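Novice: I'll drop the sequence and a predicted model, then ask my questions.
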Amino acid sequence: MTVNFTLNGRVVSVSTAPGEFLLDTLRNHHVTSVKKGCDESSCGVCTVLLDGKPVLSCSLLTARVAGHHITTVEGVQKEVDAISNYFGDEGADQCGFCNTGLALTIHALKHEIPNPSDEDIKHYIVGNLCRCSGYQAQFLAIKRYLEDHS
């Protein structure tokens, strides 16, 4: 089956099996920033933006994105680089495996909730798990980033 959608601002046409998940389709088409983590929709490393909202690509059928806009970190690279700098400043990026999904979630949060409270931030990123940290450094980095870039 052929599915047409916009990937990082460019219309693409991909061949996919009817039951194939977006994560696998993207990786099969050399979009390697989208990571494969738990394969159970519980860790957030496969996060992409669907029409600007974070979704888990490991549980989204590729057929369902027809006509939609998908954004990966390549589509918002400048912002991801800025977020990454804040993580580095706070010592929040250890192995970095979760960073791409978390960066896309932060990007969406910034656009959806102006001046989020601490609780808003914690609630919004709850689906992004990090196996290396205690989240405090990440939270401080996110908070500083959002304060500086609102």
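Specialist: Ah, there it is.

Novice: what about the helices in this protein?
Specialist: 22-28, 77-90, 99-112, 118-124, 136-148 (DSSP state H).

Novice: same list, those helices, but as TSV with distance to Leu60, mean pLDDT and mean neighbour count please.
Specialist: Heads up, the C-betas are built off the backbone N, CA and C, glycines and all. TSV is the format used below for these (distance: least, CB to CB, whole Å; pLDDT from 0 to 100; neighbours: other CB atoms under 10 Å):
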stretch	distance to Leu60	mean pLDDT	mean neighbour count
helix 22-28	5	96	21
helix 77-90	21	91	16
helix 99-112	13	92	22
helix 118-124	19	93	13
helix 136-148	24	91	17
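
Novice: closest to Ile70 out of the ones you listed?
Specialist: Closest approach to Ile70 among the helices of the chain (CB to CB): helix 22-28, 7.3 Å.

Novice: give me the contacts around the closest one.
Specialist: Residues from elsewhere that reach helix 22-28 (CB atoms under 8 Å, 6 or more residues apart in numbering): 3, 7, 14, 16, 34, 36, 46, 48, 57-58, 60-62, 65, 70, 72.

Novice: need the helices of the chain in a markdown table (columns: distance to Ser42).
Specialist: A markdown table is the format used below for those (distance: least, CB to CB, whole Å):
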| stretch | distance to Ser42 |
| --- | --- |
| helix 22-28 | 14 |
| helix 77-90 | 22 |
| helix 99-112 | 12 |
| helix 118-124 | 16 |
| helix 136-148 | 18 |
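
Novice: so what touches stretch 67-85?
Specialist: Applying CB under 8 Å, 6+ apart, the external contacts of stretch 67-85 come out as 4-9, 22, 26, 31, 33-34, 48-52, 93, 99-100, 103-104, 106-107, 141-142, 145, 149.

Novice: quick check: end-to-end length of it?
Specialist: 34 Å (CA to CA, to the nearest Å).
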